[in-house]
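J.: sequence and predicted structure, then a few things I'm wondering about:
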Amino acid sequence: MSEPDDEAHNEQASATLDALIAAGATGDSPEATAAGLEPRVAAMLAARDALRDDDDALAPEALAAMVRSAAQAASSSSAGLHPAQGIEADRAPANRSGARPWLAAAAALIVAVAGLGLWVTRQSGGDTTESADAPAPAMSAKGATAPGDAAGNVPNTVTTSGAASSAGGAPGTVTAVSPAEGSMDAAAPRVGAVAAGGPVQALGAAAREGAAIVALALR
Amino acid sequence: MTRAPGPRPSAPPDEHALLQRARAGDERAVEDLLASHAEQVHAVCRRLCRDPDDVQDATQDALFAIARGLADFDGRSALSTWIYRVTTNACLDELRRRRRRPVPIDDGARPEPASTEPSPAEQAVGAERRRAIRVALDALPEEFRVAVVLRDVADLEYGAISEILGVPIGTVRSRIARGRSRLATALAPAEPGTDPPPSASHPTEMT
């Protein structure tokens, strides 16, 4: 008999066995013998009966002792121990908490934002004294740059005309401008910015809030 | 030979109430609930684990896990299905631990009865039968063995087995059919002139 045929034959015999089981048959029951079972089905039925032999079952007292100790252990550990903790055997999906991965992801995001905020604050050179609700700075315009000094610091002032004073603080200065927040090009101040530094301060505040939220979440 | 054929006794009608009390922390209820399933839990462990010590360990682990997990059991599946899932996992964990343990040199092969001078214990029909069952089960790939035991020892339906094992019901049906067939061949009375079925001193295959 070819392998597929054999496979089909097995499945057929197994299905017949299931029907016999549903009818309450065993290897030596009248249902089985009277039915004149096909040899393979009869052999499967006999094997099933053999599997169900309980000659080597545990003594009832020993099993009862196991049950008692498990119940006691569960009772004593119910305070403080999550039921899903313990041996890895308990892997039923129903016992899994779905909240923790989200909490971890949120915490990671907050930490990332806080880290970015701190990095930007450091990059800005610390001039974050301006009003946080000032409008965001515009992009730099042609011909209106203010060169930075040798240390890479950028003058904190721009003129309304767009012509930067190398000495910083030329007449017509409206307000101070912090260096380019988050920009790799620290020597590119924003022309037309009225009050930069606000976003930096906001990021700093966000970082502080993020750290506080993380601390709360981890507690 | 004692035998427990036919369907296992169904869950007692007050199981739901027992479960509620157990989940509320009633130790007595937990104990009663465990006691009503312990025999079946042990029967499954006995057929899935090889070594008697492993059987005891797996049974104990399963009972602990069931007792501790009752508080979180949400009733999405039948209690018995959940219990057998925990039990099956306890057995598979025990088998994995067993594979990781170093094997003593003298314990490398399961003792086979001497064909010329059988021991008195092995002369007993019951002992020989148990040994044959053990050898036949050991020869089955793990995936077949688990499926057959859950069906023919634990009396679970195909759908519940599919849920426990996380495989399609057709796969369960195929595994059970093939497992039953191999068991039937291994346990069939040897005809004169035929070789005995291969013993299973090799580890079961994992898929």
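T.: Happy to help now that I have it.

J.: how many neighbouring residues does residue A:108 have?
T.: The number of residues packed around residue A:108, counting by other C-beta atoms under 10 Å in any protein chain shown, is 11. For every residue, glycine as well, the C-beta is placed using N, CA and C.

J.: now do residue B:132
T.: 16.

J.: OK, contacts around residue B:51?
T.: By C-beta atoms under 8 Å, 6 or more residues apart in numbering or on different chains, the contact list for residue B:51 reads residue B:98.

J.: what's the spacing between it and chain A?
T.: When distances are taken as C-beta to the nearest C-beta, to the nearest Å, residue B:51 and chain A turn out to be 12 Å apart.

J.: what are the phi and psi angles of that residue?
T.: As for residue B:51, its main-chain torsions (degrees, to the nearest 10) stand at phi -80, psi 140.

J.: where does the prediction get shaky in chain B?
T.: Low-confidence regions of chain B, defined here as pLDDT under 70, cover residues B:1-13, B:101-124, B:190-207.

J.: so which residues of it form helices?
T.: With DSSP state H as the definition, chain B shows helices at residue ranges B:15-23, B:27-48, B:52-69, B:79-100, B:120-123, B:125-139, B:142-152, B:158-165, B:169-187.

J.: outline the domain layout of chain A.
T.: The record assigns chain A these domain ranges, following automatic domain parsing: A:3-50, A:103-218.

J.: weakest of those by average pLDDT?
T.: If you rank the domains of chain A by mean pLDDT, domain A:103-218 sits at the bottom with a mean of 55.

J.: what residues go with each domain of chain B?
T.: Structurally, chain B divides into domains by automatic domain parsing as follows: B:15-102, B:121-191.

J.: near chain A, anything from the shortest one?
T.: Yes: with C-beta under 8 Å from any C-beta of the partner chain as the threshold, domain B:121-191 lies in contact with chain A, specifically through B:126, B:129-130, B:132-133, B:136-137, B:148-149, B:152-153, B:173-174, B:176-178, B:180-181, B:183-188.

J.: what's the ChimeraX syntax to select whichever of the residues you listed are buried?
T.: The buried residues among these can be selected in ChimeraX (16 or more other C-beta atoms under 10 Å in any protein chain shown) with this line:
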select /B:130,132,133,136,137,148,149,152,153,173,174,176,177,178,180,181,183,184,186,187,188
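
J.: just confirm yes or no for the biggest helix by length in chain A near chain B.
T.: The longest helix of chain A (DSSP H) is helix A:99-123. No: against chain B, helix A:99-123 shows no contacts by C-beta under 8 Å from any C-beta, the least distance being 13.4 Å.

J.: nearest residue to the middle of chain B?
T.: Taking C-alpha atoms, centre = their mean, the centroid of chain B lies closest to residue B:44, which sits 2.8 Å from it.

J.: report the contact partners of that one.
T.: Counting by C-beta under 8 Å, 6+ apart, residue B:44 makes contact with B:84, B:87, B:88, B:91, B:149, B:150, B:153, B:154.

J.: buried subset of the residues you listed as a ChimeraX selection?
T.: Applied in ChimeraX, the following selects the buried portion of these according to 16+ other C-beta under 10 Å:
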select /B:84,87,88,91,149,150,153,154
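
J.: if we can go back for a sec, packing partners of the longest helix of chain A?
T.: Under the contact definition 3 or more C-beta pairs under 8 Å, 6 or more residues apart in numbering or on different chains; DSSP states H and E, helix A:99-123 sits against helix A:198-218.

J.: for the helix or strand residue A:50 falls within, which positions count as buried?
T.: Secondary structure assigned from DSSP states H and E places residue A:50 in helix A:39-51. Within helix A:39-51, the residues that qualify as buried by neighbour count (16+ other C-beta under 10 Å) are A:40, A:41, A:42, A:43, A:44, A:45, A:46, A:47, A:48, A:49, A:50, A:51.
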